[in-house]
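> Here is the input, now give the coordinates:
(chains A and B)
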There are 2 protein chains.
Amino acid sequence: MKSVADLYAVIMAGGGGTRFWPLSRKRWPKQFLPIATGKTMIEETYRRIRPLVPNRRVFTIANAAQSRTIRRLLPALPSANALVEPRARNTAASLILATAHVYRRNPEAVVAVLASDHLIVDEPLFLKKLAAAAEAAARTESLVTFGIQPTFPATGYGYIQFAKEGGRKVAGEPFHSVRAFREKPSREAAVAFLKSGDYVWNSGMFLWRASVFGRAMDRYSPEFFPFWRRTLDALEKKSKTALSKIFEEIPALSIDYALMEKAEGTLVCAGDFGWSDVGAWSALGDLWPRDDQDNARRGQVVAVETRGNIVCNPGKLTALIGVENLVIVQTKDVLLVCRKERDQDVKKILDLLEKSGKTEYL
Amino acid sequence: MKSVADLYAVIMAGGGGTRFWPLSRKRWPKQFLPIATGKTMIEETYRRIRPLVPNRRVFTIANAAQSRTIRRLLPALPSANALVEPRARNTAASLILATAHVYRRNPEAVVAVLASDHLIVDEPLFLKKLAAAAEAAARTESLVTFGIQPTFPATGYGYIQFAKEGGRKVAGEPFHSVRAFREKPSREAAVAFLKSGDYVWNSGMFLWRASVFGRAMDRYSPEFFPFWRRTLDALEKKSKTALSKIFEEIPALSIDYALMEKAEGTLVCAGDFGWSDVGAWSALGDLWPRDDQDNARRGQVVAVETRGNIVCNPGKLTALIGVENLVIVQTKDVLLVCRKERDQDVKKILDLLEKSGKTEYL
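Next up, the predicted model:
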């Protein structure tokens, strides 16, 4: 595959999610774990885009400790490309910093913002669409995003409403105008979105030319635009102090809220390449190898009259009798047994542990 | 408590049950595990009877490997009292051998046969009843047994039918005549037994004078009586070879079948001292400390909306979310997760492991 001229990838790796506890821990979040495959999710993300983007044009962005992990996991990545946030201030701050780095190399370069912990099944299609989206970002004044066709009325994702009519093709792929970004909806709203047919899930993947990003900030995000200017200035002066000060003062808001919801002319492309944010344990039921009783598993399982369990217990034998739809996860110091449909409640366990001072398990 | 003159205890420790797998293993059966309390069940059995029976009058009977374990667990037991069966031949053979040992010390001594892996809650009452039963065995020509008041129509126990009328008191405790021993019944029969009010569970605890045992063998068990004679003879001659030969030839039958079902004049005493054979994992729900969600547990448990689970995972944290009535057992190499009402199906797992050659887990 031909690499796209001056396409940069920015891999967002600062997340500290807890939904894969006890495998994921405060200092060992999902992107650094081999959740979906045998390799860590950030390694997979990196490997996946390499046909389109050479090493020197890949950036990661995370805190200092995470960036040390990234350098270890991605030894081919130029060390300076593992950008360090002075402190965690949500995605608007991260992407201002990362885009400013690209801008200084080439203001007309295209930035592809990617999550470090998502799964993509059809990689050739993903690369084709990514190249088309980069083309669209290069040729227009638009911000570009990928929308995922919803398969159920999810309340855990943001949505993008698009104009069904008047789409345009770029590099053979159709793009539509965005009408509105919607935050995570209520159940009722989600059902209505699904019915309407003109809503897609916000994948959190964005593309923009660095110069377009700056102009969009200027036009649509007066609160953040000064930070964009100051960041370019701090990089110019190589001033760590100035950068730290910016990260102290910048509002901790998402890029969706700071820019995408306000910008006009944004284009959306269908992300129909088998996307999953692998949001919690139950998502692995579809990803891991399954036995004849529909148990997805890592490690040896012997089962009698069971169905639909997810077992992560490498190195030990797991024996199951008469149980259904459980998530069973073993780590060095913790065993989790959870009903599959309750996997979001892992957070409640963490709250209990926090309250009782058992922070060694967080 | 005054010890009863010439009362011997025979602790049957040859069992190789699998129902507490994966904690119990072929070479590490339940009696050698701290199932109900923090001490092994055989240690508890031994400790429990010591107020009535001095060390030198306690015998254990098991195979050679088990007897080595017993000597380690019960260092105060005279080494020669850990009787070794040349091979496992069921309880008739074991009890002929053990009773013959007692007979040679004193034919008029009373033998109390006890399981090494049962639980007794009210120990003072147990000792009082045991003393009375020993008294009854000493003063009569009867075999004596304990019957347990059934609390549900169990199909896993044998039953004893007794004569409601015409009981007699010995040492203040009532004894009734046994009408019949019944093997493990069908569900329907068990329901009828429970309704009738004159059936109790066969506890497997028996008392007899050694000489009475011999005479009962002679009278009711012509098949086994020659082995009784030959065993006495082999012990007299200290002939290991003769003993081995006996254990090759003796039918592998239970004492219930070989003697108790046939003997007349047997007396039964109510074993209302809180007896449990702790037959499988689910029995521990009543024995172990429980949290406010009715989870019985060993090890640290943190739980969100759970109920009635049994967790054996010392040394690790167990986190439970939304699960009910599970048995969760962790050992060094195996994790078991089983519905509580299916705990008898552990056997099916063992069959699968056996078939697939994974014998290291048995």
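
> who does the most far-flung residue of chain A relative to its centre bridge with?
What lies farthest from the middle of chain A is A:Val304; by CA atoms, centre = their mean that is 37.8 Å. On the basis of DSSP bridges, A:Val304 is bridged to A:Ile321.

> quick one: it from A:Lys340, how far?
19 Å (CB to CB, to the nearest Å). Where you see a C-beta, it was placed from the backbone N, CA and C, and this is true even at glycine.

> related to what we said a few turns ago, got a list of what the residue farthest from the centre of chain A touches?
A:320-322, B:342, B:345, B:348-349, B:352 (CB atoms under 8 Å, 6 or more residues apart in numbering or on different chains).

> Swap in 6 Å and give it another go.
A:321, B:345, B:348-349 (CB atoms under 6 Å, 6 or more residues apart in numbering or on different chains).

> And for A:Ile255, nearest residue in space, chain neighbours not counted?
A:Thr91 (4.5 Å; CB to CB, 6 or more residues apart in numbering or on different chains).

> Distance from whichever strand or helix holds that neighbour to the middle of the chain?
Under the criterion of DSSP states H and E, A:Thr91 resides in helix A:90-105. Mean-position distance between helix A:90-105 and its chain equals 16 Å (CA atoms, centre = their mean, to the nearest Å).

> okay, it in CSV with CA atoms only?
Presented in CSV, the C-alpha positions along helix A:90-105 are these (Å, rounded to 0.1, in the frame of the first residue of the first chain):
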residue,chain,number,x,y,z
ASN,A,90,-8.4,15.5,28.7
THR,A,91,-8.2,15.2,24.9
ALA,A,92,-8.5,18.8,23.8
ALA,A,93,-5.2,19.6,25.5
SER,A,94,-3.6,16.4,24.2
LEU,A,95,-4.6,17.1,20.7
ILE,A,96,-3.6,20.7,20.7
LEU,A,97,-0.1,19.6,21.8
ALA,A,98,0.1,16.7,19.3
THR,A,99,-1.2,18.7,16.4
ALA,A,100,1.2,21.6,17.2
HIS,A,101,4.1,19.2,17.0
VAL,A,102,2.9,18.2,13.5
TYR,A,103,2.2,21.8,12.5
ARG,A,104,5.8,22.7,13.2
ARG,A,105,7.0,20.0,10.9
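
> So which bits of chain A are right by chain B?
Contact residues (CB under 6 Å from any CB of the partner chain) of chain A with chain B: A:302, A:304, A:313, A:316-323, A:328, A:333-339, A:342, A:345, A:348-349, A:352, A:361.

> ok, of those, which come out buried?
Buried members of the residues of chain A next to chain B, scored by 16 or more other CB atoms under 10 Å in any protein chain shown, are A:302, A:304, A:313, A:316-323, A:328, A:334-339, A:342, A:345, A:348-349, A:361.

> what ranges do the helices span in the stretch 151-300 of chain A?
For the stretch 151-300 of chain A, the helices defined by DSSP state H, counting those that start in this stretch occupy A:187-196, A:210-220, A:225-236, A:240-249, A:255.

> Out of these, which is the most enclosed?
Stretch with highest mean neighbour count among those: helix A:255 (a mean of 24; mean count of other CB atoms under 10 Å in any protein chain shown).

> A:Asn325: neighbouring residues, count only.
By the criterion of other CB atoms under 10 Å in any protein chain shown, A:Asn325 has 17 neighbours.

> surely it meets A:Ile310?
No: the pair A:Asn325 and A:Ile310 does not pass the contact test of CB atoms under 6 Å, sitting 8.6 Å apart.

> quick one on the thing from earlier: and the contacts of A:Val304, which of them are in strands?
The strands, defined by DSSP state E, take in A:Ile321 from the contacts of A:Val304.

> for the contacts of A:Val304, which one is nearest B:Arg179?
B:Asp345 (34.9 Å; CB to CB).

> measure that closest one to chain A for me?
To chain A, B:Asp345 is 5 Å away according to CB to the nearest CB, to the nearest Å.

> pLDDT below threshold where in the stretch 51-200 of chain A?
Nowhere does the stretch 51-200 of chain A drop to pLDDT under 70.

> Kindly check the end-to-end length of stretch A:153-166 for me.
Distance between the two ends of stretch A:153-166: 26 Å, counting by CA to CA, to the nearest Å.

> so how far is it off the chain centroid?
The answer for stretch A:153-166 is 17 Å, by CA atoms, centre = their mean.

> do the same with stretch A:49-57
Relative to its parent chain, stretch A:49-57 has a centroid offset of 18 Å by CA atoms, centre = their mean.

> Can you give me the buried ones in that stretch?
Using 16+ other CB under 10 Å as the test for burial, stretch A:49-57 gives A:49, A:52-53, A:57.

> of these, closest to B:Arg219?
Set against B:Arg219, the nearest of the buried residues of stretch A:49-57 by CB to CB is A:Ile49 (90.0 Å).

> between the helices of the stretch 151-300 of chain A, which gets nearest to B:Thr45?
Smallest distance to B:Thr45 across the helices of the stretch 151-300 of chain A (CB to CB): 58.8 Å, for helix A:187-196.

> Quick one: residues in contact with the helix holding A:Thr91.
The contact list for helix A:90-105, computed with CB under 6 Å, 6+ apart, reads A:8, A:10, A:59, A:61, A:83, A:109, A:111, A:210, A:213, A:224, A:227-228, A:231-232, A:235, A:250, A:252-255, A:258.

> Just the buried residues of it, please?
A:90-103.

> What is the subsequent helix or strand relative to it?
Helix A:90-105 is succeeded, C-terminally, by strand A:110-115 (DSSP H and E).

> Please name the strands paired to the next helix or strand after that following strand in the sheet, noting orientation.
Counting by DSSP H and E, the next helix or strand C-terminal to strand A:110-115 is strand A:119-120. Note on strand A:119-120: by DSSP bridges, its sheet partners are strand A:275-276 (antiparallel).

> what mean pLDDT does the partner strand have?
Strand A:275-276 shows a mean pLDDT of 93.

> Appreciated, that's everything.
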